[in-house]
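Visitor: give me a model of this one.
(one chain, ligands or ions: 1)
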Amino acid sequence: MRRYSFALILLAYAGAAAALTQAEVMAGAERLYRERMQELQARHQLDADPAFHQRVQRIARPLIAQAVHDYPESAGWQWEVHTAPEDDESAYAMAGGKLMVSRAYVHKLLLTDAELAMLLAHEICHAVLRHNLQEYEEAMRLEPAWRERPFAELQDAVDSDSALMRKLAPLGMRQEAEADREGLKLAWRVGWPAPLLARYFQKLVRSSHAPNFEQFAHPAPAQRWRAAQDLAAALDAAGR
Ligand SMILES: [Zn+2]
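Guide: This is a model prediction of the structure:
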């Protein structure tokens, strides 16, 4: 009888988010990414602007090669970079190296190639630094009930449950600052001049209505610009 109850407990845990692994997070990201790509394709919007798509690919390729070199775990990933005319987000990276870049955002900010490299490197670093996995683990620490619920629900909640999102905002801030810093260093190692990369953050300041205020789960643009300038100066002083 006791063995029977034990089996029931095990069954209850099957598919639950407890002890999540990077492999599970990547499988979940793959499903979500595939859905979004299919929606774009149905609207004839997936990679629909060949010139923009090629520009993004050309800049992304060496950055991904550098990331694979610096974070060997990511060598086995099926990296993908797609573009859309516009998207709710400027750009994003899901676990396992699944990227999306919005043309409307890049054009609105008039991003130069170096600034686009900074944007891409930031997203690539979210992926290689396993920020998705960290976020889900933090959610389960803050709200332990998630350990017993299906991972797909947690995956949805971190983007839609505003109470949970507020609790996760401090981690999100740290992750954004880390992606800024490690992204700038990654793109600099590829060969981009650090001051030109840093100017991406100046564009954020100029396009922001409130550059001195934190945005949801993002440090204030002015703070990101100052941090990028300091890091660029340090990298230049250190030399290659
Ligand atoms: Zn980010």
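Visitor: the biggest helix by length in the chain packs against which elements?
Guide: If you go by DSSP state H, the chain has its longest helix at helix 162-190. Counting contacts by 3 or more CB pairs under 8 Å, 6 or more residues apart in numbering; DSSP states H and E, helix 162-190 packs against helix 50-70, helix 113-128, helix 131-142, helix 151-160, helix 194-207, helix 221-238. (Each C-beta comes from the backbone N, C-alpha and C, glycine too.)
Visitor: helices and strands around the second one, which ones?
Guide: Judged by 3+ CB pairs under 8 Å, 6+ apart, helix 113-128 is in contact with helix 50-70, strand 91-94, strand 98-102, helix 162-190, helix 194-207.
Visitor: ok, which of the ones you listed comes nearest residue 127?
Guide: With distances scored as CB to CB, the stretch of the helices and strands packed on helix 113-128 nearest to residue 127 is strand 91-94 (4.4 Å).
Visitor: so which bits of the closest one are buried?
Guide: The neighbour-count check on strand 91-94 (16 or more other CB atoms under 10 Å) flags 91-94 as buried.
Visitor: now for those: which two are most distant?
Guide: Across those (CB to CB), the longest gap, 11.4 Å, separates 91 and 94.
Visitor: pull the distance from the longest helix of the chain to the chain's centre.
Guide: 8 Å (CA atoms, centre = their mean, to the nearest Å).
Visitor: for it, which residues meet the burial criterion?
Guide: 164-165, 168, 171-173, 175-176, 178-190.
Visitor: spit out the contact partners of residue 168.
Guide: Counting by CB atoms under 8 Å, 6 or more residues apart in numbering, residue 168 touches 135, 138-139, 142, 158, 217.
Visitor: I'd like these laid out as TSV, including distance to residue 237.
Guide: Listed next are these as TSV, based on distance: CB to CB, whole Å:
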residue	distance to residue 237
135	34
138	35
139	40
142	40
158	39
217	32
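Visitor: the residues you listed, buried ones only, as a PyMOL selection?
Guide: If you want just the buried ones from the contacts of residue 168 in PyMOL, going by 16+ other CB under 10 Å, the selection is:
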select buried, resi 135+138+139+158+217
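Visitor: for the contacts of residue 168, which one is nearest the ion?
Guide: Distance to the ion, by CB to the ion, is smallest for residue 217 among the contacts of residue 168, at 8.6 Å.
Visitor: distance check, that closest one against residue 64.
Guide: 25 Å (CB to CB, to the nearest Å).
Visitor: and what of residue 141?
Guide: Plainly put, residue 141 is 31 Å away from residue 64 if you go by CB to CB.
Visitor: ok, these two, which is more surrounded?
Guide: residue 64 (24 against 12; other CB atoms under 10 Å).
Visitor: not counting its neighbours along the chain, what's nearest the more buried one?
Guide: Computed as CB to CB, 6 or more residues apart in numbering, the closest residue to residue 64 that is not its neighbour in sequence is residue 79, at 5.2 Å.
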